[in-house]
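In: kindly return the folded structure for what I paste below:
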Amino acid sequence: MPVNVALVGPQGSGKTTLFNALTAGRGADGMGMVDVPDERLGRLAAAVKPKKVVPAQVRVYDAPPGSRAQRIAAAREADVVLKVVRCFGPEPDPAGDLEGIELDMALTDLATVERRLEIVEKEVRLGRALDTVELEVLRRAKAHLDQGHGLRSLHLDRESAEHLKPLFPVSIKPEVVIPNIGDDLLPDGGELAERVRRLAAERNSPTLVVSAQLELELAELDPADAAEMRATYGLDASALGAVARAVWEAGGLITYFTAGEPEVRAWPCERDAPAPVAAGVIHSDFEKSFIRAEVTSVDELVEAGSMEALRAAGKLRIEGREYRVQDGDVVFFRVGR
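Out: As a prediction, this is how the structure comes out:
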């Protein structure tokens, strides 16, 4: 089950260049799949020697820049939103770009909140609503959105935030802000990127500096030449891998693994998900028919060579429904039929 990511940004921000770099030119109709780099997958494959190795994946959508409705629709369907702002070329205004994206999303949510608020206020007047917490949350959300601020920067406790979930607000989505810079500003992005970092921090959003054009050019080189060229810009790793990892962090995701002779595979999973929910990532029926999980670590499996060897040695941990799957777990799920 891939994680869905929407690339949004104004015309000329370079988000399509970033999309092409991420998908290595294999994207079609604004959608492409991106593998998430993870050295643990290679270690498992070297030990288990499976017939197939499958990394976790991100499904990336390049939202059309000219259509506000399409841009919002792409963001609404995404698990994580990448906001790309221009820090290159003539008269860049990344702060204005970021504020424009946020305003679009805030206005969309404002219309939704206002419709729900009207209904709840009427129910309260008629004495039908006994719980006024939702009313207070909606009023706070409306006041915040009226100022053009997205809901990510509205401080709500967990119980209050639950009242907004049924509205599927787009401005509360996990996000990463990407200052897209020219290669002359590598590696840190200079003052323009720093300005974006400050604005993003006010919205509780992480930033990741990328030169999309350079990454697109590097993607066309063999790895050794790409690494040599990257080093001339003071970079020690591909920014594309960093984008995928930033998506994981922003989305509150971990990676667990399944490993056997047929296949070694990485799976995305919400942090602290119970074992049945994690099993449901593989197949929805697994959540309902979960019996138990047999769990080990990457290091233990690499040393043993197979799940069967660990099982024979009695070294697999047996975990039940309450177990919270951890990042880096290697799991064999036992399910009913």
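
In: now do the buried residues in the helix or strand where residue 103 lies.
Out: With elements taken from DSSP states H and E, the one containing residue 103 is helix 94-125. Neighbour counts over helix 94-125 (16 or more other CB atoms under 10 Å) mark 94, 97-99, 101-102, 104-106, 108-110, 112-113, 116-117, 120 as buried. Where you see a C-beta, it was placed from the backbone N, CA and C, and this is true even at glycine.

In: so what angle separates the directions of the next helix or strand after it and helix 94-125?
Out: Next helix or strand after helix 94-125 toward the C-terminus (DSSP H and E): helix 133-146. Relative orientation of helix 133-146 versus helix 94-125 (axes from the mean of the first three to the mean of the last three CA atoms, to 10 degrees): 150 degrees.

In: local confidence estimate at the nearest residue to residue 142 once chain neighbours are set aside?
Out: Nearest residue to residue 142 in three dimensions, chain neighbours excluded: residue 113, at 5.2 Å (CB to CB, 6 or more residues apart in numbering). We have a pLDDT of 97 for residue 113.

In: show me the contacts for residue 113.
Out: 138, 141, 142, 145, 164, 167, 169 (CB atoms under 8 Å, 6 or more residues apart in numbering).

In: quick check: the closest residue to the second one other than its chain neighbours vs residue 26, distance?
Out: Pointing back at residue 141 there. Nearest residue to residue 141, sequence neighbours excluded (CB to CB, 6+ apart): residue 113, at 5.0 Å. Distance from residue 113 to residue 26, counting by CB to CB, to the nearest Å: 39 Å.

In: ok, now residue 180?
Out: 21 Å.

In: and residue 90, by the same measure?
Out: Applying CB to CB to residue 90 and residue 26 gives a distance of 32 Å.

In: now do the same for the nearest residue to residue 211 once chain neighbours are set aside: its pLDDT.
Out: Nearest residue to residue 211 in three dimensions, chain neighbours excluded: residue 183, at 4.9 Å (CB to CB, 6+ apart). For residue 183, the pLDDT comes out at 93.

In: so what's the residue count around the nearest residue to residue 144 once chain neighbours are set aside?
Out: What sits nearest to residue 144 in space, not counting adjacent residues and going by CB to CB, 6+ apart, is residue 154, at 4.5 Å. Neighbour count of residue 154, defined by other CB atoms under 10 Å: 20.
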